[in-house]
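Student: here are the coordinates; sequence isn't available:
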């Protein structure tokens, strides 16, 4: 019986440790940057940090020699990086669609930080333009509607910022934006509409 009680206490202690560790990780912060602007981001100097760009893939992150001790791209197009610097420094993030973000990084000890950046200028999407213009407009709208209904983004589109997805619901209904996609000339927003009655 004592063995079972000890095992139970050990399992509870491990669970508490995992719960406490999970709470120490910072939440993902969405940050809108002006095109070619600079933003102040707090980063960890003793844990890895993650930066992604909404609807785009990070292809490079650069800074002065020695400021970034480790940098690697993730499968989903973000960049994971570390810095042992104690002083603020500037880093540059370049994306597949030729966006460049200048970031003034302010290091401090603590949990790794996670950011999702979004630029204010639209990005050229040649593959989306070809798909949008290769079919009649009515057929394009039907295909986009089918994709939204299934919740499956068209291949040449990219995720877009949901904070710009505001629409007023008819009286008696509520609407919540669930997904937003952007192509070359079109933007698709998928809403969940509820009738509370």
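Tutor: Yep, it's here. It should be emphasised that the depicted structure is a prediction, and the values quoted were computed from it without experimental measurement.
Student: Every contact and neighbour count from this point should use C-alpha atoms.
Tutor: OK.
Student: what residues are up against residue 140?
Tutor: Counting by C-alpha atoms under 8 Å, 6 or more residues apart in numbering, residue 140 touches residue 132.
Student: On the three-state scheme, it is what?
Tutor: Put simply, residue 140 is helix when judged by DSSP: H, G, I helix; E, B strand; the rest coil.
Student: Give me the pLDDT value at it.
Tutor: Here the pLDDT value assigned to residue 140 is 90.
Student: Residue 3 too?
Tutor: pLDDT, residue 3: 51.
Student: what's across from the residue positioned nearest the centre of the chain in the sheet?
Tutor: The chain has residue 116 as the residue nearest its centroid, 3.9 Å off, counting by C-alpha atoms, centre = their mean. Applying DSSP bridges to residue 116 gives these bridge partners: residue 30, residue 52.
Student: ok, now how distant is it from residue 89?
Tutor: The gap separating residue 116 from residue 89 is 19 Å, by C-alpha to C-alpha, to the nearest Å.
Student: Same check on residue 72?
Tutor: Residue 72 is 19 Å from residue 89, where distance means C-alpha to C-alpha.
Student: So in the protein, where's the weakest helix or strand by average pLDDT?
Tutor: helix 2-24 (a mean of 44; mean pLDDT, DSSP states H and E).
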